[in-house]
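**Q** Quick one: sequence and predicted model below, then my questions.
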Amino acid sequence: MKKEEPKSLRSIATEWRENAERLATFVQENLVNRDDFYIRYRPQELRHLGKVEVIKKRYGSAELLMHFQASSPDCVIGLPTTSQEQTCRWIVIDVDSDGEDSEESQAVREKAALEFASRLAGYGSTPLLIKSSEYGRFHVWMIFDHRIASKTAFLLGRKIVEDWHSLGLKKPPEVFPKQEQVAEGKLPNSVRLPGLHHTQKFYSEVWDGGKWLTGSDAIHSICSIAPFCSRTVTDRCAGLSLEARPSHVVTKAAKQHGQQVANLLSKLKLVTESCDGWSARCPAHNDNNPSLSIGIAGDKKILAHCFAGCDPRKILEAVGLEMRDLYPPPPSIRSAVLPPRTRIHRQPVVIAADPEFVALQKRFAKSISPEQIEELAHALGVTAASLTELQIGWSREDSCWTFPEYNAAQQVCGILRRFKDGQKRTIKGSRRGLTLPLGWGKPGKTLHILEGQSDVAAAISDGRRAIGRPGTSGGVDDLIQLLDSVKDDLVIVADNDKSGAGLKSAKELSDKITTCLRRVVNVIGPPNSFKDFRSFFNANTRKST
């Protein structure tokens, strides 16, 4: 028998366009949870404003036809996971990239997606397994004949993927809906519909049990899917609870770091491994999206940090523990002696302020208007007040925003320009320095050290004291000299870079501060699904600008 030739991209695109009405009808009958908003993906040249735009208006067949006939990313849309009544028509398990796209990594993700689909099939029907990217990302859809409670959908999705680590995955799959219930006044997450990928010339493929279907074959499989019986699923999920935590996470933690941290993790809900430890729901507040970060310091102390701002004592009280439970037993404490303080220069060696940059900064600061500050605040998802504290300016010559950077003597040593397309460049002759907001040195409880100006602005918007360093390895000497006189607790907030460079450099900086200043510095990072503090702030604690 002659082997079937693969379809061309052009013919696949044509088949999706020709079947757009059929697909739109399927979506309206099976996938709509609420129709008062949707998300639309931005083209690459506008991604500095965010990957997606929330369209707060009703959608219908016109928007769905636009999506299925799409030829560019700005026509690709996603739909909400949860209705206003806290119900769902579907669950989606997103087996996304772990930073590696080798054939071996893609095979591992495909095997895991097939396993998740097999588990869902045990609830009475066949799930829809979709390859959503040419580099081996997968969406597993469980579609119901009627809406079920969002809490039931949430618990079932988490149950299906709870042993993701044993399947060879390097990070937990995302499960939609992401919360048991959507908080009042908040919008639920959204999931991209099958069809054209938002960055690749790739159309969704569907697994038929033996091969991946493309074009009209994939479309027919989607539109012919038999929904799961919502009553059967609800009855079988009656006993599910988040109290049943993934035991492998706790067991692994006990083996690698001791019973003390395992005891804490066993008392938390929704525990998953992150780049620098674990993330979980904070027990001290109504936490729908895990915002508690748990880590291990160099002296074996357990670090607990809630990105919503909860006091560690309140967190421990909520699970029946005390502050002393974060510290290793006395023998370990006595052995965890800090190294002798390394003498640093009493007279810091710094480059004197360049009068040219001082004059430029003053001119730029006078040139910026409130409207230009608001424009950047909206683009970054931070408050205008936070940018004012950073003393941003406006360069009329280059039509861009400017950020002053400082040396250890708190003198302007350079200026960074940020253009409207998101690109950043220093002015010629600049030396990269620190980001120091107005009033940063006033005494307080904790000083956060972040990478870059936008993360510092997000931290200030969230009510935190913060300063910034210019990158993963820049500004270290200036920072240590600056911190020599600071007595507050220090927390370094690492970025979740795919390469791990952000976490590595944060730990190296912590070690250097410990060596030079004889101080223990906590290193934390946002939960795994967020690249940096600003993306976490935008998704969870964004304030009106």
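**A** Cool, got the structure. Keep in mind that what you see is a predicted model, and the values were worked out from it rather than measured. Numbering: from 1, shown residues only.

**Q** Kindly state the domain boundaries assigned to the protein.
**A** Each domain of the chain is listed here as a residue range: 9-236, 247-335, 355-540, per automatic domain parsing.

**Q** which stretch in these is the model least sure about?
**A** Among the domains of the chain, domain 247-335 carries the lowest mean pLDDT, at a mean of 78.

**Q** In contact with the closest residue to residue 291 other than its chain neighbours, which residues?
**A** Setting aside the residues directly before and after it, residue 291 is nearest to residue 307 in space (CB to CB, 6 or more residues apart in numbering), at 4.4 Å. C-betas here are computed from N, CA, C, even on glycine. Neighbouring residues of residue 307 by CB atoms under 8 Å, 6 or more residues apart in numbering: 291, 292, 293, 526, 527, 533, 536, 540, 541.

**Q** And for residue 495?
**A** If you count contacts by CB under 8 Å, 6+ apart, then residue 495 has 451, 455, 472, 502, 503, 525, 531, 532 around it.

**Q** so which strand or helix has the fourth one?
**A** Using DSSP states H and E, the secondary-structure element containing residue 502 is helix 501-517.

**Q** Buried residues in the next helix or strand after that helix, which are they?
**A** Moving toward the C-terminus from helix 501-517, the next helix or strand (DSSP H and E) is strand 522-524. For strand 522-524, burial by neighbour count (16 or more other CB atoms under 10 Å) applies to 522, 523, 524.

**Q** cool, and stretch 286-303?
**A** Under the neighbour-count criterion of 16+ other CB under 10 Å, stretch 286-303 has 287-297, 300-303 buried.

**Q** Any chance you could give me it in PDB, C-alpha atoms only?
**A** The C-alpha trace of stretch 286-303 is given here as PDB (Å, rounded to 0.1, in the frame of the first residue of the first chain):
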ATOM      1  CA  ASN A 286      -7.500  32.800  50.800                       C
ATOM      2  CA  ASP A 287      -4.900  31.700  48.200                       C
ATOM      3  CA  ASN A 288      -6.400  30.500  45.000                       C
ATOM      4  CA  ASN A 289      -3.200  30.600  43.000                       C
ATOM      5  CA  PRO A 290      -0.200  29.300  45.000                       C
ATOM      6  CA  SER A 291       1.800  32.200  46.300                       C
ATOM      7  CA  LEU A 292       3.900  30.600  49.100                       C
ATOM      8  CA  SER A 293       7.500  30.000  48.300                       C
ATOM      9  CA  ILE A 294       9.500  27.500  50.400                       C
ATOM     10  CA  GLY A 295      13.300  27.100  50.200                       C
ATOM     11  CA  ILE A 296      16.400  26.000  52.100                       C
ATOM     12  CA  ALA A 297      19.100  28.600  53.100                       C
ATOM     13  CA  GLY A 298      22.800  27.800  53.200                       C
ATOM     14  CA  ASP A 299      22.600  27.400  56.900                       C
ATOM     15  CA  LYS A 300      19.800  24.800  56.500                       C
ATOM     16  CA  LYS A 301      17.200  27.200  57.700                       C
ATOM     17  CA  ILE A 302      13.800  26.700  56.000                       C
ATOM     18  CA  LEU A 303      12.700  29.900  54.200                       C
END
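
**Q** Measure how buried residue 424 is and give me the count.
**A** Per other CB atoms under 10 Å, the neighbour tally for residue 424 reads 14.

**Q** swap in residue 31?
**A** Quick note: residue 31 (other CB under 10 Å) scores 18 neighbours.

**Q** Next up, the contacts around it.
**A** Here residue 31 is in contact with 79, 89, 90, 143, 193 (CB under 8 Å, 6+ apart).

**Q** can I assume residue 474 is in contact with residue 434?
**A** No. With contact defined as CB atoms under 8 Å, residue 474 does not count as touching residue 434 (9.1 Å).

**Q** Could you check which of those two has the larger neighbour count?
**A** Neighbours of residue 474 and residue 434, each counted by other CB under 10 Å, are more numerous for residue 434; the result is 23 against 17.

**Q** ok so, going back, which pair of the contacts of residue 495 spans the longest distance?
**A** The most widely separated members of those are 455 and 503, with 14.5 Å between them, by CB to CB.

**Q** who's more crowded, those two?
**A** residue 455 (26 against 22).

**Q** Show me the helices in the stretch 1-150 of the chain, by range?
**A** Using DSSP state H, counting those that start in this stretch, the helices of the stretch 1-150 of the chain run over residues 9-18, 20-30, 61-68, 103-121, 150-161.

**Q** Tell me which of these sits nearest to residue 418.
**A** Closest to residue 418 of the helices of the stretch 1-150 of the chain is helix 61-68 (CB to CB; 32.4 Å).

**Q** how many neighbours does residue 239 have?
**A** 7.

**Q** That one: which element?
**A** For residue 239, there is no helix or strand it lies in under DSSP H and E.

**Q** Tell me who's in contact with residue 536.
**A** 291, 307, 526, 527, 530.

**Q** wouldn't residue 183 be in contact with residue 289 here?
**A** No. At 9.5 Å, residue 183 and residue 289 do not qualify as touching, with contact defined as CB under 8 Å.

**Q** what's the spacing between residue 306 and residue 469?
**A** Going from residue 306 to residue 469 by CB to CB, to the nearest Å gives 23 Å.

**Q** How about residue 491?
**A** 13 Å.

**Q** So which of those two has more stuff around it?
**A** residue 469 (25 against 20).

**Q** Check the gap between that one and residue 499 for me.
**A** 18 Å.

**Q** Are there residues contacting both of residue 491 and residue 469? Which ones?
**A** residue 449.

**Q** Surely residue 13 is in contact with residue 69?
**A** No. With contacts counted by CB under 8 Å, residue 13 stays clear of residue 69, the gap being 9.2 Å.

**Q** and the gap between residue 419 and residue 378?
**A** Here the criterion is CB to CB. By it, residue 419 lies 16 Å from residue 378.

**Q** Based on its surroundings, how many neighbours for residue 147?
**A** Residue 147 has 17 neighbours, counted by other CB under 10 Å.

**Q** what's the answer for residue 204, then?
**A** Using other CB under 10 Å, residue 204 has 24 neighbouring residues.

**Q** where does the closest residue to it other than its chain neighbours fall, phi/psi-wise?
**A** Once flanking residues are discounted, residue 204 sits nearest to residue 194: 4.0 Å by CB to CB, 6+ apart. Here is the backbone geometry of residue 194 (degrees, to the nearest 10): phi -60, psi 160.
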